[in-house]
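1. coordinates only, no sequence provided:
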């Protein structure tokens, strides 16, 4: 399962998205302001695979040395491929 999160870490929606993914043992993809979760120690304790959209990271001024090493940086077309390949893809957080 893939959970797509768009809300910033300091919002209820963003926190709910991470908790939902953690509870469901799902992977996450961070888009829009959710890419701030990619900063070091913001995903503390998350066990799944975390992806972030490269363009959204760049638009918000986040560099590779600002983000978690385990995070996988992808392009929009890769996200589309992931969504079509997953059994379930959930977004709206």
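-> Great, that's in hand. Just so it is clear, the model here is predicted, and its values are computed rather than measured.
2. what sits closest to residue 64 if chain neighbours are left out?
-> residue 73 (7.9 Å; CB to CB, 6 or more residues apart in numbering). Every residue, glycine included, has its C-beta placed from N, CA and C.
3. that neighbour - that's part of a helix, no?
-> No. In this structure, residue 73 is strand, not part of a helix, as judged by DSSP: H, G, I helix; E, B strand; the rest coil.
4. and the residue most central in space within the chain, its phi and psi?
-> By CA atoms, centre = their mean, the chain has its centre lying nearest to residue 30, at 2.4 Å. Dihedral pair for residue 30: phi -100, psi 120, per degrees, to the nearest 10.
5. is it correct that it is in contact with residue 52?
-> Yes. Contact criterion CB atoms under 8 Å: residue 30 and residue 52 qualify, at 4.3 Å.
6. shared neighbours of these two, anything?
-> Common neighbours of residue 30 and residue 52 (criterion: CB atoms under 8 Å, 6 or more residues apart in numbering): 37, 38.
7. burial check on residue 14, number of neighbours?
-> Applying other CB atoms under 10 Å, we find 21 residues neighbouring residue 14.
8. begin at 27, not 1, for the rest of this chat.
-> Happy to do that; since the first residue is 27 now, the last one works out to residue 40.
9. mind telling me what element it is part of?
-> Per DSSP states H and E: residue 40 is located in helix 38-49.
10. for the protein, what are the low-confidence residue spans?
-> Within the chain, no stretch has pLDDT under 70.
11. make it 90
-> Applying pLDDT under 90 to the chain flags residues 66-67, 69-73, 89-92, 94-96, 110-119.
12. quick one, helices of it?
-> Using DSSP state H, the helices found in the chain span residues 38-49, 80-85, 102-111.
13. distance to residue 62 for these - can I get that in TSV?
-> Below are the helices of the chain laid out as TSV (distance: least, CB to CB, whole Å):
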stretch	distance to residue 62
helix 38-49	8
helix 80-85	9
helix 102-111	18
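14. tell me which of those helices sits nearest to residue 74.
-> Smallest distance to residue 74 across those (CB to CB): 6.2 Å, for helix 38-49.
15. would you mind listing the buried residues in the closest one?
-> Residues 40, 41, 43, 44, 46, 47, 48 are the ones in helix 38-49 that count as buried (16 or more other CB atoms under 10 Å).
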